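[1] I need the structure of the sequence given here:
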Amino acid sequence: MNGIEGAMSKAELLRQEILEKVQEYYRETFGHSKVFQPGERIAYGGRVFDSKELESLVDASLDFWLTSGRYIQRFEHEFAAFNGVKYCSVVNSGSSANLLAFMALTSSKLGERRINPGDEVITVAAGFPTTVTPIIQYGAVPVFVDISLPTYNIDVTQLSEALSKKTKSVMVAHTLGNPFDLQAVYDFCAKHKLWLIEDNCDALGSKYCLNGKWQYTGTIGHIGTSSFYPAHHITMGEGGAVYTNDLLLKQLIESFRDWGRDCACPPGKDNTCQKRFSFQSGDLPYGYDHKYVYSHFGFNLKATEMQAAIGCAQLEKLPFFIEIRKKNWSLLKERLFFLNHTFILPEPTRNSDPSWFGFPLTLQEGAGFSRDQIVAHLEKQGIQTRMLFAGNLVRQPCFDDMRKAQKGFRSVGDLRITDKIMRDTFWVGVYPGMTDEMLNYVVAQISAAVAAKQ
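    The predicted structure follows:
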């Protein structure tokens, strides 16, 4: 054994010893089960992990590669395989994923199908802002349609009215894990040759039956996006992914992600195309280093190896997480059904199998009390609640100048249901960290809050 081999062997032994210590640390710090006591904080979502996440995180840090490496590559491959798509590009957040999904469609390489400033994108105002933010920041025009209850998803009957000669895309989210009517939206986009971006950040693992075939949401449109924030179905802490079956779109997504560069060499790799110094690009000198040729005005939205290492461990648990979310949602639906005269209870979209992110409740007309009153009671009892994100995004302060100027967006109709969920809707969690005891307590406190107001 030479000196190098001996050093490597010692390093590997040290790595093994460190990872064994990480397991011990996990058992000592996080491994003790705790019985829920009424009144303790019940979060709407959060991390669910074991020693594997910590081991993977430390293992990646010991490489000290830091940027994209073996864990990024592994996660992209395994995530794509799980969802049944060809390509996955890891990014630093779900919001960045939405930004890249949209910006890819603005590339000149798409010819007449590219989205230009002033073109229109159909979406909803009842959702998370960063589904819409890229549209506005680029100078395109969001066209807001209403949603439907009890699915909380886009009202597909308004699609035709939203259509204009400027429409280029539909970009919409699957609300709280419940797929929108993909058959209607898919057919509409196909008929009018529109791009379809599925914001799948809250719906990882949800399925929809399109034309008789079950598929994961996020894989039916041209591009899908995911978020790996701690509250989501799996986590990297921060992180996200953009996925597609279209090679050109994948290349555009990664160009915008990686500074806008034209070169597709991964970090640490040079000249994989064998033409690094033999391109003619724009008005640059012939043979200008292809690694420094930029075909788009891009960003740096890459994730780190440490994030992906956590994600790889989480991805192994995803099937279990999905089933627990479904079970918890079903338990709440069953035990709150007796309050269906007080609340509009959620329903899965037809032809769907949701991987639920939360359980929304909307007050019926004439309930006799407000959403804010019941939320105050639940929060006081330690039960974390959330609004349905922005409520009506058009009424948010960020839209003040656009509303006053009456330009930069348009709406179909009066967004009546969107306004209702802004006033009357909240939701509670169903994440895998919730036990039956916690869920029973949530049900009991919702019931108590209603009884106290009647």
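[2] chain center to the helix or strand harbouring Glu334: distance?
    Glu334 is located in helix 305-336, with elements delineated by DSSP states H and E. Remark: helix 305-336 is offset 14 Å from the chain centroid, using Cα atoms, centre = their mean, to the nearest Å.
[3] run me through the strand neighbours of the next helix or strand after it, direction for each.
    Counting by DSSP H and E, the next helix or strand C-terminal to helix 305-336 is strand 343-344. Using DSSP bridges, the strands paired with strand 343-344 in its sheet are strand 358-363 (antiparallel).
[4] for whatever helix or strand comes next after the strand it pairs with, list the C-alpha coordinates in PDB.
    As assigned by DSSP H and E, the chain's next helix or strand after strand 358-363 is helix 371-380. C-alpha atoms of helix 371-380 as PDB (Å, rounded to 0.1, in the frame of the first residue of the first chain):
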ATOM      1  CA  ARG A 371     -63.300  33.400   9.600                       C
ATOM      2  CA  ASP A 372     -61.100  35.600  11.800                       C
ATOM      3  CA  GLN A 373     -63.000  34.600  14.900                       C
ATOM      4  CA  ILE A 374     -62.500  30.900  14.400                       C
ATOM      5  CA  VAL A 375     -58.900  31.400  13.400                       C
ATOM      6  CA  ALA A 376     -58.200  33.400  16.500                       C
ATOM      7  CA  HIS A 377     -59.700  30.600  18.600                       C
ATOM      8  CA  LEU A 378     -57.600  27.900  16.900                       C
ATOM      9  CA  GLU A 379     -54.400  29.900  17.100                       C
ATOM     10  CA  LYS A 380     -55.000  30.500  20.800                       C
END
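[5] mean confidence score for the helix or strand that comes right after helix 371-380?
    Per DSSP H and E, the first helix or strand lying C-terminal to helix 371-380 is helix 400-405. Averaged across helix 400-405, pLDDT comes to 93.
[6] which outside residues touch helix 400-405?
    If you take Cβ atoms under 8 Å, 6 or more residues apart in numbering as the criterion, helix 400-405 is touched by 136, 394, 408-409. Yep, even glycine has a C-beta here, placed from its N, CA and C like the rest.
[7] which strands and helices sit next to the helix or strand just after that helix?
    On the C-terminal side of helix 400-405, the nearest following helix or strand under DSSP H and E is strand 410-411. If you count contacts as 3 or more Cβ pairs under 8 Å, 6 or more residues apart in numbering; DSSP states H and E, strand 410-411 packs onto strand 141-145.
[8] what is the helix or strand following the strand it packs on packed up against?
    Using DSSP H and E, the helix or strand that follows strand 141-145 in sequence is strand 147-148. Here strand 147-148 touches strand 153-154, helix 416-424, going by 3+ Cβ pairs under 8 Å, 6+ apart.
[9] given strand 147-148, what are its sheet partners and their directions?
    With DSSP bridges as the test, strand 147-148 pairs up with strand 153-154 (antiparallel).
[10] name the nearest residue to Thr435, ignoring sequence neighbours.
    In space, and not counting its chain neighbours, Thr435 is closest to Phe36: 5.8 Å by Cβ to Cβ, 6 or more residues apart in numbering.
[11] actually Glu437, not the one I typed
    Among residues not flanking Glu437 along the chain, Phe36 sits closest, at 4.5 Å (Cβ to Cβ, 6+ apart).
[12] can you tell me what sits against the helix or strand hosting Ala80?
    Under DSSP H and E, the secondary-structure element containing Ala80 is helix 70-83. Applying Cβ under 8 Å, 6+ apart, the set of residues contacting helix 70-83 from outside is 56, 60, 63, 86-90, 216, 218-219, 224, 226, 241, 243, 266, 303, 305-306, 308-309, 311-312, 315, 318.
[13] how about stretch 314-334?
    48-49, 52-53, 75, 78-79, 82, 177, 204-205, 228, 233-236, 345-346, 354-357, 359, 428, 430-432, 434, 436, 439, 442-443.
[14] rounded mean pLDDT for that stretch, please.
    pLDDT averaged over stretch 314-334 gives 98.
[15] the helices and strands packed on strand 147-148 into JSON lines, with extra columns for mean neighbour count and distance to Ser68?
    Shown next, in JSON lines, are those (neighbours: other Cβ atoms under 10 Å; distance: least, Cβ to Cβ, whole Å):
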{"stretch": "strand 153-154", "mean neighbour count": "26", "distance to Ser68": "35"}
{"stretch": "helix 416-424", "mean neighbour count": "19", "distance to Ser68": "39"}
